[in-house]
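Asks: Sequence first, then the predicted structure, then my questions.
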Amino acid sequence: MRAMPKQRVLVHVVGFSDVERHALNTVFRLSQERELSYKPWMPMTATGAVAPVAAQVVLVDGESLEAVLSHAKGMPAGQRLIWVGADAPEHAWRVLQRPIEWAAVLHDLDLVFAARQVDSGHLDLDVTLPGPLDFDLEMDVDEPVHTVRRALVVGADEQEGTYLRTRLALAKVGLVDEAVDVQSALDLMQRYRYVCGVFNLDDHRMDVWAMMSLFVQRNPQALTLASTELAGPLAGWWRRRRVRRDAHRVGITALVERPFQPRQISSWLDLI
């Protein structure tokens, strides 16, 4: 059987801060692992010629100076406008607010492709309203109908946090809570149930092992990853063996290397 060709959505990004741009670039890069991927659209080619293909979606920062053009300028046929912030124009296809939930952005980008399939007659689907990211079929009657899956990240630095939020969004985990101290981690574990937890064992400001053990007890079905430099090849055989033994006793799913190895992280997060 011949493999299905990969599909791609071209995104024209207007505005946004350096941090948000970095997160978007991470989204684009990580999406290359999927059947449906995203790529930033450039108005000019490498040779200076005008781009032969228009972007399928324009993602606009409503607080940027360039945003005013999106109010006045019409959209080419089939192109969608995703607006972030207040004062969205009437022709905006989706409107998001800050702080940006990257799972919602990914969901809407996926819907752009589905909408184009509808426009072309290749798919019969109502995409006028965004659907939920996930369903929990075993929830109690009193709980909300649509429950967004949640992950807890403990002790990650800024770069690791950005990577994990983006990669978890690709795995359809809609909310990511981050804790940098014992009290915030304990409070979060008491309030929520999680489908995934990622713990930095190299953060010596807190007892990560104890928190990880508590997380496993409260979320026995969750994917639990512990990250440490001791899991890498430079740590030495005996130290790797000892930390793996201790992690096994706690009951985590897997021990992963720091710095993160994208293929290794993806292979586990894809199981959620």
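Replies: Here it is on my side, so go on. Numbers count the residues shown, from 1 in each chain.
Asks: Show me the strands in the chain, by range?
Replies: Using DSSP state E, the strands of the chain run over 7-14, 36-40, 57-61, 80-84, 94-96, 150-154, 175-179, 196-200, 223-228, 254-257.
Asks: can you put these in TSV and add mean neighbour count, mean pLDDT and distance to V68?
Replies: For glycine as for every other residue, the C-beta is placed from the backbone atoms N, C-alpha and C. Formatted as TSV, those follow (neighbours: other CB atoms under 10 Å; pLDDT from 0 to 100; distance: least, CB to CB, whole Å):
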stretch	mean neighbour count	mean pLDDT	distance to V68
strand 7-14	18	89	11
strand 36-40	18	87	22
strand 57-61	24	92	10
strand 80-84	22	91	12
strand 94-96	18	90	16
strand 150-154	24	96	37
strand 175-179	20	93	33
strand 196-200	25	97	40
strand 223-228	24	95	44
strand 254-257	18	92	45
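Asks: Present those as JSON lines; the columns should include distance to H71.
Replies: Shown next, in JSON lines, are these (distance: least, CB to CB, whole Å):
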{"stretch": "strand 7-14", "distance to H71": "12"}
{"stretch": "strand 36-40", "distance to H71": "22"}
{"stretch": "strand 57-61", "distance to H71": "10"}
{"stretch": "strand 80-84", "distance to H71": "10"}
{"stretch": "strand 94-96", "distance to H71": "13"}
{"stretch": "strand 150-154", "distance to H71": "36"}
{"stretch": "strand 175-179", "distance to H71": "31"}
{"stretch": "strand 196-200", "distance to H71": "40"}
{"stretch": "strand 223-228", "distance to H71": "43"}
{"stretch": "strand 254-257", "distance to H71": "46"}
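Asks: Nearest to V27, out of those?
Replies: strand 36-40 (6.5 Å; CB to CB).
Asks: Only alpha carbons, please: show that closest one as PDB.
Replies: Output of strand 36-40 as PDB, limited to C-alpha atoms (Å, rounded to 0.1, in the frame of the first residue of the first chain):
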ATOM      1  CA  LEU A  36      -0.100  17.400   8.500                       C
ATOM      2  CA  SER A  37       2.700  19.900   9.000                       C
ATOM      3  CA  TYR A  38       3.100  23.700   9.200                       C
ATOM      4  CA  LYS A  39       5.600  25.900   7.600                       C
ATOM      5  CA  PRO A  40       6.200  29.700   7.800                       C
END
